[in-house]
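Q: What follows is a predicted protein model with its sequence.
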Amino acid sequence: MHPPAPFRVASPPPKPLLIFDGDCGFCRRWVARWRRATGDAVDFQPFQDEAVAKNFPEIPPAAFQDAVHLIFSDGSVCAGAEAVFRSLAAGGRERWLLWCYLHIPSFPILTELIYDEVATHREFLSRLDAFFLGADAAPRRYALVQLVFLRGLALIYLIAFASLWMQIQGLIGSQGINPAQTLMGTLKGVAASRDIGVDRFRLVPTLGWWTASDRALRWQCGAGVGLSLLLLAGIAPAPALFLLWALYLSLSSIALPFLDFQWDTLLLETGFLAVFFAPLRLLPRPGPRPEPSRLALWLLRWLLFRLMFESGWVKLAGGDPSWRHLTALRVHFETQPLPTWIGWYAHQLPGGVLSALTFLMFVIELAVPFLIFCGRKSRRIAAALFALLQAAIMLTGNYCFFNWLTLLLCLTLLDDQALQKLAPRRFRNPPPSSGAGSNNQDSRAGGAAWPWKITAPVALLVLLLTALTLPMPRFVAQSWPRPLVRLYVWLEHFRSFNAYGLFASMTQTRTEIIVQGSNDGQTWEEYEFKYKPGDLTRPPAFVAPYQPRLDWQMWFAALGKVEDNGWLLRLENQLLKNSPPVLDLLARNPFPKEPPKFIRAQLYQYRFTDLATRWATGRWWRRDYQGVYAPPLSLADFGSGERALPGLF
């Protein structure tokens, strides 16, 4: 560790001067990066210049070879890691490093040891630096990344709200499956009986506390569409993002179980972080775009890391032998909720190929995420491999906007230089004005980034809370500070700090619920859903990024019992009434003139056909009867009262 520099110069410079080894390529590249961060606040000079020996004879050349030295205008000198931190702080950047150096006892020891190791192995580290960060020291800009990311997020929000607008009345409208008005009436009664005041808005964060009428539900979806268009136009991006997050949270809090999927929570978490990634402006302006907050950028990268790594980890930690034996894909394409016709062909691949693809998936989900922290070139590789995996998933299955949102997060691993090779010329960043490398740009040039005094506490909060969601050994998880755990519990209702991971346990067989109606209890007609398997000759379709939420929920219901899925009984109740909003969610109603007198649900096991069978019969599926899921019911069996949903408090 470097002790405090024992030197004091008699002829100090007019402003701080950092002296470095000009013969070292590694040093030159890092000095170029520091120079951009410090601007005009600090001067830089190689010790090989004759002026250095002449002006500062108090410092021997051997000391300059050992470490960088920072000379202040009062003649004082510091060296090593401290010199680097004080230089950056003098330029107004990375002040937190100097604060840690001065206030955390172990930080100076650790950083000086690291500095010594770097200085000792400069030749080897120079090659690593050139590979990971690039041989050039050109500044990495992310204004174009910010532009494309926010426009892409606007499109995803637009799809989410527009598709929900088309289904909201059938799902939670007054004549829907789970009426929001009934739910809110129950919750208001519980809140009153337990004397829950304003805290009800935290426990169930929704505008439904004021009104959950059909008109209010449509208004929220419409407002989401309108705000998405504003964000797409670049108008008031930060306020628009906050309102979009609040509206989607409001709807998802009262649309259970239909808005309780991982892409819904991923959209909420991404939308929350994007508020701090967006520029602070009201209207788009011509000219250079400001650099976004680097802290917010790294929070989005941290989210992508958790999403990918946890997705792989849960498959191994779940204990399902099909993942450990690399056989999961042999049944996955057939048993996933909504496969595509390409998924049908993927199911026909040889078992060895599917096992190899499973192994490749584990490599991408468990090993590649760590490349996010290994430099610019490594992040490009990670982005390409993540994109390859997401493209494969999109081709073989329908997962709403989940894969598109993951691809959007992959953009944060790139910089403007990478995007400019793909973007149309009119979207490329114009030449920066003076001082464009700083976050303290003139807001008239297009807006400013969030100040670090705001983003730093947000980043710390997000890191601490999301750390609780990471897969860790039990003894580590049990050692979390209780105040932190209580804070997470207090905030978890906002669904913006989440754990991720699908298919921890593989579904080995596919069971489908077939809903049937009858007028005499003897002859039964099948209701046809729009996208879930039913008709054996109908090919699996592409529907993403739109999500038919009822079709998806039917897949989950088939994994359990009707007693655990009260919403399905309410679906049957509405079908016995020929409820127009509910019938709009279906592809075919076999009773168009008047509703049936009886309704039931049967279980069938569905399997993909093979190539020979499909060519001979035109069938994509074959099915076998499994038994009764819900017995025949009539309107009299439901009674006149509404079934109350489980309490959410």
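A: Arrived safely, thanks for sending.

Q: switch to C-alpha atoms for all contacts and neighbour counts from now on
A: Fine.

Q: Outline the domain layout of this structure.
A: 17-133, 143-494, 510-638 (automatic domain parsing).

Q: Show me where the stretch 1-150 of the chain has its strands.
A: Using DSSP state E, counting those that start in this stretch, the strands found in the stretch 1-150 of the chain span residues 17-20, 43-46, 69-71, 77-79.

Q: before we move on, what about the chain?
A: Under the criterion DSSP state E, the chain carries strands at the ranges 17-20, 43-46, 69-71, 77-79, 510-518, 525-526, 528-529, 586-588, 598-608, 621-633.

Q: Deepest-packed of those strands, please.
A: Ranked by mean neighbour count, the strands of the chain are led by strand 69-71 with a mean of 26 (mean count of other C-alpha atoms under 10 Å).

Q: Number of residues surrounding residue 336?
A: Counted with other C-alpha atoms under 10 Å, the neighbours of residue 336 add up to 21.

Q: For residue 511, see how far away it is.
A: The gap separating residue 336 from residue 511 is 11 Å, by C-alpha to C-alpha, to the nearest Å.

Q: how much space between the closest residue to residue 625 other than its chain neighbours and residue 594?
A: Once flanking residues are discounted, residue 625 sits nearest to residue 604: 4.5 Å by C-alpha to C-alpha, 6 or more residues apart in numbering. With distances taken as C-alpha to C-alpha, residue 604 is found 27 Å from residue 594.

Q: which residues are in contact with stretch 583-593?
A: Outside stretch 583-593, the residues that touch it by C-alpha atoms under 8 Å, 6 or more residues apart in numbering are 167, 170, 517, 525-530, 548, 550, 575.

Q: now do 7 Å
A: Stretch 583-593 is contacted by residues 167, 170, 525-530 when judged by C-alpha atoms under 7 Å, 6 or more residues apart in numbering.

Q: Would you convert those residues into a markdown table that also reports distance to residue 61?
A: Shown next, in a markdown table, are the contacts of stretch 583-593 (distance: C-alpha to C-alpha, whole Å):
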| residue | distance to residue 61 |
| --- | --- |
| 167 | 74 |
| 170 | 79 |
| 525 | 93 |
| 526 | 89 |
| 527 | 86 |
| 528 | 84 |
| 529 | 80 |
| 530 | 78 |
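
Q: and the two most separated of these?
A: 167 and 525 (24.1 Å; C-alpha to C-alpha).

Q: where does the protein have low pLDDT?
A: Residue ranges of the chain with pLDDT under 70: 1-5, 93, 131-139, 287, 423-447, 472-478, 640-649.

Q: out of the domains of the chain, which comes closest to residue 503?
A: Counting by C-alpha to C-alpha, residue 503 lies closest to domain 143-494 out of the domains of the chain; the figure is 6.7 Å.

Q: to the chain's geometric centre, what's the distance from the closest one?
A: Centroid separation between domain 143-494 and its chain, computed with C-alpha atoms, centre = their mean, to the nearest Å, is 3 Å.

Q: for this protein, what's the longest helix?
A: helix 143-172 (DSSP state H).

Q: Show me where the stretch 201-350 of the chain has its helices.
A: Shown for the stretch 201-350 of the chain, the helices assigned by DSSP state H, counting those that start in this stretch span residues 214-232, 237-254, 262-277, 294-317, 321-324, 329-335, 341-347.

Q: For residue 199, which of these is the nearest?
A: helix 237-254 (14.7 Å).

Q: now that closest one against helix 262-277, angle please.
A: Orientation of helix 237-254 against helix 262-277 (axes from the mean of the first three to the mean of the last three C-alpha atoms, to 10 degrees) gives an angle of 160 degrees.

Q: Residue 245 reaches residue 271, doesn't it?
A: Yes. Residue 245 lies in contact with residue 271 (C-alpha atoms under 7 Å); the separation is 5.8 Å.

Q: Distance check, the closest residue to residue 370 other than its chain neighbours against residue 412.
A: The spatially closest residue to residue 370, leaving aside those adjacent along the chain, is residue 305, at 7.5 Å (C-alpha to C-alpha, 6+ apart). Taking C-alpha to C-alpha as the measure, residue 305 falls 11 Å from residue 412.
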